[in-house]
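**Student:** Provide a 3D model corresponding to the input given below.
(2 chains, ligands or ions: 1)
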Amino acid sequence: MAEQGEGRGEETKFSVWDLPDVPMGQLPPHLELQRTRVFCNKDAPIHTESIQYSGAYSSIGVDNSVQLDNFCKNFRVEVIRLNEDDIEFDMIGIDAAIANSFRRILLAEVPTMAIEKVLFANNTSVVQDEVLAHRLGLVPISVDPRLFDYMSENDQPNEKNAIVFKLHVKCERGSPRITVKSDELKWLPNGSELVKESTANSDSSSKPETYTYFSSSQESVPEFVKNPIAPKYPDIILAKLGPGQEIELEAHAVKGIGKTHAKWSPVATAWYRMLPEVILLEDVEDELAEELKSKCPVNVFDIEDIGKGKKRATVARPRSCTLCRECIRGDDWEKRVALRRVKNHFIFTIESTGALPPEVLFTEAVKILEGKCERVITELS
Amino acid sequence: MEHGSFTDNSAATFSLTDEDHTLANSVRFTLNQDPRVTFCGYSIPHPSEARVNIRVQTTGDPASEVLKDACQDLMLMCRHVRSTFDKAVEDFKASNAVKAMKIDSNDSSDSEESE
Ligand code: SF4
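**Tutor:** Just a heads-up that it's a prediction; the model follows:
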């Protein structure tokens, strides 16, 4: 450009500053689109990265840093569906980095109670001890883990860090086979009832030593009076017993996190997806409109009448788009339909296993991330 | 946990134990948002060791201060997310209770999935 300018020396002096201005503080539309949308093209998605660096657009005078008050102004949450077990909500105006942290914490770092130790007094069923113990571990227990402490390695099990269940089922000889379900797990608020062998036959003056050291009954805790501790579902099959078989055991549940073992994970799953955006780049009419409507397996498109016997396709339900890309397959369709995803709009779904309601799980997850930050801050200062 | 030089504290690597992508990736995000940061990144040196290294280089401010501010920002963000979420849930529950009441008076049994 510079050489050209010199070559045309006599002509009116031309300066770049006379060009129509790029609006300052605002990205040109195509860059803005690349920043905020993922383009799902026929071959592959592009512009998938989120542009985090504060100076990413400094050369065109745009500040890309997110100031906190700006974030607070734009951040929104909309609950779509909420019941006892799951929640679906939209989180708008947040980066994937943080949304993903919440998801990861939900899966692996929100604590629950799960059976960790199983003491077998008798097991003549076909299910081996270790298999049965593993099955017991996976049974979700409906109890608020915030009321308990972690049990560390040298801790004695007490009323603050352990829950004890008893299971004793026997199938009498001559009777039909029976199925042992999770409602056979009976909560022992006073702790273990199994007596340690070493103390059982020694002096009889003091109370016999058991496998737990409860100083008070858990039944005295008001929260447990209202809802006694039990497995969340009464109908989980644990084992089957034939005539003459018997299981007698005690199961000790402790507090833990999903990172250690998945049985402590409070969610069945937690996931998010970005909001799909389906855009018609040109008017799609008549037969093409019919074709487009029939292409989509989840019925994203509708057809509207525009008079004179003409019909036009419209995007009616973009949210249900699964991004199967069927609608942009074939000749020229990519010119008519654009599939995009909104980068900062997350449709978040949490399915709880039952220990805590799903909305509480999310707030707990956020609190845990806060705790992590706090830890770093205190370590640095 | 901080590895850097004595003379120039504008660049340092912070080694955090018992952390993983969960914290590191979101801190990297807030660090990147800070105009004082010229470079930041993180790595997990070995998958079976619970440790993450966060590298911060700044335009002159002490790296530890900048990292601290980033954590502070993240914490405030979380706090805002939490309050917004709680409010949204409350609103949803309130509006649903009203809806359920209306439906009840219309003598329809299906209250939850009516939408
Ligand atoms: S990508 Fe699939 S689901 Fe989405 S609009 Fe196209 S055909 Fe429908």
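**Student:** which parts of the stretch 1-150 of chain A are strands?
**Tutor:** Using DSSP state E, counting those that start in this stretch, the strands of the stretch 1-150 of chain A run over residues A:37-40, A:45-46, A:76-82, A:86-92, A:112-123, A:141-142.
**Student:** between those, which one is closest to the ligand.
**Tutor:** Nearest of the strands of the stretch 1-150 of chain A to the ligand, taken as C-beta to the nearest ligand atom: strand A:37-40 at 7.5 Å. Glycine gets a C-beta too; all of them are placed from N, C-alpha and C.
**Student:** other residues contacting that closest one?
**Tutor:** Identification of contacts with strand A:37-40 by C-beta atoms under 8 Å, 6 or more residues apart in numbering or on different chains yields A:45-48, A:274, A:277, A:323, A:325, A:338-343.
**Student:** count the neighbours of residue 67 for me.
**Tutor:** If you meant another chain, say so; for now it's chain A. For residue A:67, the count of nearby residues is 12 (other C-beta atoms under 10 Å in any protein chain shown).
**Student:** can you look at chain B instead?
**Tutor:** Residue B:67: 25 surrounding residues under other C-beta under 10 Å.
**Student:** likewise the one 4 residues further on?
**Tutor:** Residues lying near residue B:71 (other C-beta under 10 Å) number 25.
**Student:** need the strands of the stretch 1-150 of chain A in a markdown table (columns: distance to residue B:17, mean pLDDT and mean neighbour count).
**Tutor:** Shown next, in a markdown table, are the strands of the stretch 1-150 of chain A (distance: least, C-beta to C-beta, whole Å; pLDDT from 0 to 100; neighbours: other C-beta atoms under 10 Å in any protein chain shown):
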| stretch | distance to residue B:17 | mean pLDDT | mean neighbour count |
| --- | --- | --- | --- |
| strand A:37-40 | 35 | 91 | 19 |
| strand A:45-46 | 36 | 90 | 13 |
| strand A:76-82 | 33 | 93 | 17 |
| strand A:86-92 | 30 | 94 | 20 |
| strand A:112-123 | 24 | 94 | 20 |
| strand A:141-142 | 31 | 94 | 20 |
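**Student:** looking at these, which is closest to residue A:257?
**Tutor:** Nearest to residue A:257, of all the strands of the stretch 1-150 of chain A, is strand A:112-123, at 8.1 Å by C-beta to C-beta.
**Student:** tell me which strands that closest one pairs with, and in which orientation.
**Tutor:** Sheet pairing for strand A:112-123, assigned by DSSP bridges, gives strand A:246-256 (antiparallel).
**Student:** how about the strand it pairs with: buried residues?
**Tutor:** Buried positions in strand A:246-256, judged by neighbour count with 16 or more other C-beta atoms under 10 Å in any protein chain shown: A:247, A:248, A:249, A:250, A:251, A:252, A:253, A:254, A:255, A:256.
**Student:** so after that strand, what's the next helix or strand?
**Tutor:** For strand A:246-256, the succeeding helix or strand toward the C-terminus, using DSSP states H and E, is strand A:267-280.
**Student:** nearest to chain B among the buried residues of strand A:246-256?
**Tutor:** If you rank the buried residues of strand A:246-256 by distance to chain B using C-beta to the nearest C-beta, residue A:256 comes first, at 15.0 Å.
**Student:** how many residues are close by residue A:306?
**Tutor:** For residue A:306, the neighbour count with other C-beta under 10 Å is 11.
**Student:** ok, now which ones touch it?
**Tutor:** With C-beta under 8 Å, 6+ apart, residue A:306 has these contacts: A:285, A:312.
**Student:** got the phi and psi for it?
**Tutor:** For residue A:306, the backbone dihedrals (degrees, to the nearest 10) come out as phi -120, psi 30.
**Student:** re earlier: for residue A:240, which of the strands of the stretch 1-150 of chain A is the nearest?
**Tutor:** Closest approach to residue A:240 among the strands of the stretch 1-150 of chain A (C-beta to C-beta): strand A:112-123, 12.9 Å.
**Student:** any idea how far the closest one is from the middle of the chain?
**Tutor:** Chain-centre distance of strand A:112-123: 28 Å, with C-alpha atoms, centre = their mean, to the nearest Å.
**Student:** related to what we said a few turns ago, mind giving me the ChimeraX select for the contacts of strand A:37-40, buried ones only?
**Tutor:** Buried residues among the contacts of strand A:37-40 (16+ other C-beta under 10 Å), as a ChimeraX selection:
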select /A:47,274,277,323,325,338,339,340,341,343
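**Student:** show me what contacts the most centrally placed residue in chain A?
**Tutor:** In chain A, the residue lying closest to the centroid (C-alpha atoms, centre = their mean) is residue A:270, at 1.9 Å. Counting by C-beta under 8 Å, 6+ apart, residue A:270 makes contact with A:103, A:106, A:107, A:348, A:349, A:350, A:351, A:361.
**Student:** so of the residues you listed, which ones are in helices?
**Tutor:** A:103, A:106, A:107, A:361 (DSSP state H).
**Student:** burial count for the last one?
**Tutor:** When you say that, I think you mean residue A:361. There are 23 residues near residue A:361, going by other C-beta under 10 Å.
**Student:** Three-state assignment for residue A:179, please.
**Tutor:** Put simply, residue A:179 is strand when judged by DSSP: H, G, I helix; E, B strand; the rest coil.
**Student:** show me what contacts the residue lying closest to it once chain neighbours are set aside?
**Tutor:** Nearest in space to residue A:179, with sequence neighbours left out and distances taken as C-beta to C-beta, 6 or more residues apart in numbering or on different chains, is residue A:240 at 5.3 Å. Applying C-beta under 8 Å, 6+ apart to residue A:240 gives the contacts A:125, A:126, A:127, A:177, A:178, A:179, A:180.
**Student:** residue A:371 belongs to a strand?
**Tutor:** No: going by three-state DSSP, the assignment for residue A:371 is helix, not a strand.
**Student:** pLDDT at it, what is it?
**Tutor:** For residue A:371, the pLDDT comes out at 95.
**Student:** and the strands in chain B, which stretches?
**Tutor:** For chain B, the strands defined by DSSP state E cover B:2-4, B:11-17, B:37-43, B:51-58.
**Student:** burial of residue 30, as a residue count?
**Tutor:** Picked chain A for this. Using other C-beta under 10 Å, residue A:30 is surrounded by 8 other residues.
**Student:** please go with chain B instead
**Tutor:** Using other C-beta under 10 Å, residue B:30 has 27 other residues around it.
**Student:** that one: what's its closest spatial neighbour, skipping adjacent residues?
**Tutor:** residue B:70 (4.2 Å).
**Student:** now residue A:85
**Tutor:** Closest residue to residue A:85 apart from its sequence neighbours, by C-beta to C-beta, 6+ apart: residue A:352 at 5.5 Å.
**Student:** thinking again about what came up before, most neighbours, which of the contacts of residue A:240?
**Tutor:** Greatest neighbour count in those, by other C-beta under 10 Å, goes to residue A:180: 21 neighbours.
**Student:** so how far is the ligand from residue A:132?
**Tutor:** 45 Å (C-beta to the nearest ligand atom, to the nearest Å).
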